[in-house]
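**Q** Provided below for reference: sequence and predicted model.
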Amino acid sequence: MKMLWTAAEIAAATAGTTNDDFSVSGVAFDSREIVSGDLFIAMKGEATDGHRFLDKAFASGAAGAIVSEETDHPHVRVADTFAALNDLGRASRARSGARIVGVTGSVGKTGTKEALFAALERAAPGSAHRSVKSYNNHTGVPLSLSRMPREARYGIFEMGMSATGELAALTRLVRPHVAIVTAIAPAHRAFFKSDEAIADAKGEIFQGLEPGGIALVPFDSPHRDRLIAAARPYAASVRTFGRGEGADIRAREVVAVAGGSLVTAELPTTALTFTIAQPGEHWVSNALAVIGAVEAVGGDLAAAGLALAELAGLKGRGERHRIEVAGGEALLIDESYNANPASMRATLRTLGAETVSGKRIAVLGAMRELGETSDSFHAGLAEQLLAAGVDLAILVGDEMTPLAKALGQKVKISHVADASSALEPLREAIGPGDAILVKGSNSIGLAAVVEALASGKS
């Protein structure tokens, strides 16, 4: 493993003092994630204190720690470990010569981040870095920055928010050369009075753009002009991506192919024909943002096209499993990580487009954080569910009651209280040739349903 930080560098970045000379190859603040050579940051939270896990972290191979209390382990001592995490992320960004891309949006940001990483890594193996999982908040972003190798050529960072001002702070830490907004949707409506307010909060990402920076905005969004206005004071160039006439990065032609799409795209300087391995119109939009960003940072567009053709679905975000059932196989589509009205509609369209010899089954968990709009948004899924030709809808959670009422007798329904109760009607229903979509907010726990089916324990 390459050396990431020395004790002296950590101390200089955090204004701390060190008791030993050590170097680290990784950074973590969860003792369960520590591997040999890591730096353990002993964070203090509302529920626990990382200092309690110092022995465990070093037993797992930690080479050093950042602490705010006395310890005999090799360490850098600081006044505040959370502030030190931010300082370390800031120092990593300051020393890096990488081209940095920031990604946000109500939907599609994790998939776009992963696709962009694959696209840049394809042409220059080992030179791209990105935030892992969905580490996109006030702790995840500085952690991801602190992990960026000093020799990285590209850095891709996902940024999320649930309140006004959060993205402004994160983007000023990341300082992207390119900032992407994937799409605006009524996620987190419990915290915002309107979709326009969500668009304004997402538009904060442009405030951290480096001089000469480029903003990428979804052309087909009803909030396009609002996002462009948010970008103009900070971006040297604002580029749009989408299918509509006039988009700067435009899908001139989209043809459905086995499992995905064949896209011919026009960019400001060239044209590119490429295949997207992932199905759905939303992935066409994500891919346009990816190739727009690759062009903006001077990456290899041909390699990006190859990467998009080989991109596998992410766990909880489109991963596909072939599962054995009595008499044959069924397709399981795992979208269990998150859900909001826009992503629900998009994945239901994908289910409807699947060629099946059996049934289409949708296991839909409640969408959370929608506030007073929750009932109307849940009921509003009925039209898309019917259009998708769903034969059985297994609805999970009390919030799904409005959808059950809206569907009435038009579709066979099983409405259950929780994720564990969804397995029995699913076991009884699945047959050969079926396609099963599992989607809901992460807190519903539908990942357990996917795991049970994919592992054969259902």
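**A** Alright, I've got the coordinates.
**Q** use CA for all of it now, contacts and neighbours both
**A** Will do.
**Q** now do the residue nearest to the spatial centre of the chain against residue 392, distance only.
**A** The centre of the chain sits closest to residue 110, judged by C-alpha atoms, centre = their mean, with a distance of 1.8 Å. Per C-alpha to C-alpha, to the nearest Å, residue 110 is found 29 Å from residue 392.
**Q** please enumerate the helices of the stretch 101-250 of the chain.
**A** 109-123, 140-146, 166-174, 195-202, 224-231 (DSSP state H, counting those that start in this stretch).
**Q** off-centre distance for the third one?
**A** Its chain's average C-alpha position is 17 Å from that of helix 166-174, according to C-alpha atoms, centre = their mean, to the nearest Å.
**Q** ok, residues contacting that helix?
**A** Here helix 166-174 makes contact (C-alpha atoms under 8 Å, 6 or more residues apart in numbering) with 89-90, 93, 100, 102, 137-138, 141-142, 145, 157, 159-161, 201-202, 204-209.
**Q** same check, this time on the fourth one
**A** With C-alpha under 8 Å, 6+ apart as the test, helix 195-202 has contacts from 104-105, 161, 163-165, 167, 181, 184-186, 189, 192, 223, 226-227, 230.
**Q** that one vs helix 166-174, what angle?
**A** 20 degrees (axes from the mean of the first three to the mean of the last three C-alpha atoms, to 10 degrees).
**Q** ok, now how distant is residue 25 from residue 287?
**A** Counting by C-alpha to C-alpha, the gap from residue 25 to residue 287 is 32 Å.
**Q** okay, those two: which has more neighbours?
**A** Higher neighbour count among residue 25 and residue 287: residue 287, with 28 against 19, using other C-alpha atoms under 10 Å.
**Q** what about the more buried one? Give its phi and psi, please.
**A** phi -70, psi -40 (degrees, to the nearest 10).
**Q** hang on, it packs against residue 112?
**A** Yes. Between residue 287 and residue 112 a contact is recorded at 7.2 Å, counting by C-alpha atoms under 8 Å.
**Q** next up, the contacts around residue 432.
**A** 325, 326, 327, 328, 329, 330, 357, 358.
**Q** swap in 7 Å and give it another go.
**A** By C-alpha atoms under 7 Å, 6 or more residues apart in numbering, the contact list for residue 432 reads 325, 326, 327, 328, 329, 330, 358.
**Q** neighbours of the first one, how many?
**A** Meaning residue 325. 16.
**Q** pull up the gap between it and residue 201, please.
**A** Residue 325 is 46 Å from residue 201, by C-alpha to C-alpha.
**Q** do the same with the second one
**A** Note on residue 326: its distance to residue 201, by C-alpha to C-alpha, is 49 Å.
**Q** more neighbours: which of the two?
**A** residue 201 (23 against 9).
**Q** most neighbours among the contacts of residue 432, please name it.
**A** residue 330 leads the contacts of residue 432 on contacts (other C-alpha under 10 Å) with 23 neighbours.
**Q** now this structure, which segments are flagged as low pLDDT?
**A** 457-458 (pLDDT under 70).
**Q** let me see the domain layout of it.
**A** Per automatic domain parsing, the domain ranges recorded for the chain read 5-80, 96-310, 319-454.
**Q** go through those domains and pick out the most buried.
**A** domain 96-310 (a mean of 21; mean count of other C-alpha atoms under 10 Å).
**Q** how far does that one stretch from one end to the other?
**A** End to end - C-alpha to C-alpha - domain 96-310 spans 29 Å.
**Q** stretch 50-60 now?
**A** End to end - C-alpha to C-alpha - stretch 50-60 spans 14 Å.
**Q** same list (the helices of the stretch 101-250 of the chain) but as TSV, adding distance to residue 37.
**A** Formatted as TSV, the helices of the stretch 101-250 of the chain follow (distance: least, C-alpha to C-alpha, whole Å):
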stretch	distance to residue 37
helix 109-123	24
helix 140-146	15
helix 166-174	25
helix 195-202	36
helix 224-231	41
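**Q** right, and those - which one's nearest residue 370?
**A** Comparing these against residue 370 with C-alpha to C-alpha, the closest turns out to be helix 195-202 (11.3 Å).
**Q** now the angle from that closest one to helix 224-231?
**A** 30 degrees.
**Q** figure out how far helix 195-202 is from the centre of its chain.
**A** On C-alpha atoms, centre = their mean, the centre of helix 195-202 falls 18 Å from that of its chain.
**Q** where along the stretch 151-300 of the chain do the strands fall?
**A** Here the stretch 151-300 of the chain has its strands, by DSSP state E, counting those that start in this stretch, at 154-158, 178-181, 214-218, 237-242, 249-257, 260-266, 271-276.
**Q** the first one pairs with which strands?
**A** Each strand paired with strand 154-158, and its direction, by DSSP bridges: strand 99-104 (parallel), strand 128-130 (parallel).
**Q** let me know which of those is the nearest to residue 410.
**A** With C-alpha to C-alpha as the measure, strand 99-104 is the member of the strands paired with strand 154-158 nearest residue 410 (37.3 Å).
**Q** can you show me the CA trace of the closest one as PDB?
**A** What follows is strand 99-104, C-alpha atoms only, in PDB (Å, rounded to 0.1, in the frame of the first residue of the first chain):
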ATOM      1  CA  ARG A  99      -8.900  17.300 -11.600                       C
ATOM      2  CA  ILE A 100     -11.900  17.300  -9.200                       C
ATOM      3  CA  VAL A 101     -15.500  16.600 -10.100                       C
ATOM      4  CA  GLY A 102     -18.300  17.200  -7.600                       C
ATOM      5  CA  VAL A 103     -21.700  15.400  -8.000                       C
ATOM      6  CA  THR A 104     -25.000  16.100  -6.400                       C
END
